[in-house]
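> prediction below, plus the sequence it came from.
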Amino acid sequence: MSIGRDGIAGLILLAISLVLLVQSFQLPSLPIVPVGPGFYPAIVLSFMAAGSALLVLQDLLSHRAPVVATAPDTPRRNYRLVVIAFAIVGFYVALLPLLGFRVATALFVGALQAALGRPRTARQWAVLAAIALGTAAVSYFVFERYLLVLLPRGAWTGF
């Protein structure tokens, strides 16, 4: 059994995430707030550990399967799309204090979806709008209502 570069990277990331995950559980909890300071790092590190373990497993399985000679199917690099995505993020950051979290996030999610895969039918546009509005609404209710995190209000919109 041999392990490749992906497996080695997965093992390193798995070790780092497990060490930090143990440390995140040792952070002191606050008596007033139900969610302590180690809550979010524990979630992120749990996903990182699971992803790292999958990377190791995938690398081990790829070395076990026989290699079939096929034509390389490397995806084309689309630097234009990267620049567009960075521009959309820049506009989001600039518009966030002006429009507020809810409006700016809905516009950001919609614009990024449209940039990544332009909808061609009215139904696809409706799905895009529903996902953008749903993402903004769910993140607003989770962070502002449930976790009591104060999200930015818009100078132009007031909410």
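It's in. Note that this is a predicted model, so its numbers are computed, not measured. Numbering: from 1, shown residues only.
> helices of the chain, start to end?
5-25, 39-64, 79-99, 101-116, 122-140 (DSSP state H).
> now for the second one, which elements pack on it?
Using 3 or more CB pairs under 8 Å, 6 or more residues apart in numbering; DSSP states H and E, the elements in contact with helix 39-64 are helix 5-25. (Glycine included, C-beta is placed from N, CA and C.)
> now swap in the shortest one and tell me
Other elements packing on helix 101-116 under the criterion 3+ CB pairs under 8 Å, 6+ apart are helix 79-99, helix 122-140.
> now those helices in CSV, with mean neighbour count?
Shown next, in CSV, are the helices and strands packed on helix 101-116 (neighbours: other CB atoms under 10 Å):
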stretch, mean neighbour count
helix 79-99, 13
helix 122-140, 14
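> those: which one's closest to Leu116?
Judged by CB to CB, the one of the helices and strands packed on helix 101-116 that comes nearest to Leu116 is helix 79-99, at 7.3 Å.
> wouldn't Gly38 be in contact with Val22 here?
No - contact status for Gly38 versus Val22: not in contact, 10.4 Å apart, counting by CB atoms under 8 Å.
> looking at the two now, which is surrounded by more residues?
Shown here are Gly38 and Val22; by other CB atoms under 10 Å, Gly38 has more neighbours (17 against 11).
> Ala114 versus that one, what's the distance?
Look at Gly38 and Ala114: by CB to CB, to the nearest Å, they are 37 Å apart.
> could you check how far Asn78 is from Ala137?
Relative to Ala137, and taking CB to CB, Asn78 is found at 31 Å.
> want to throw the helices of the chain into a markdown table with mean pLDDT and distance to Phe159?
Shown next, in a markdown table, are the helices of the chain (pLDDT from 0 to 100; distance: least, CB to CB, whole Å):
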| stretch | mean pLDDT | distance to Phe159 |
| --- | --- | --- |
| helix 5-25 | 93 | 34 |
| helix 39-64 | 91 | 25 |
| helix 79-99 | 95 | 9 |
| helix 101-116 | 96 | 7 |
| helix 122-140 | 96 | 10 |
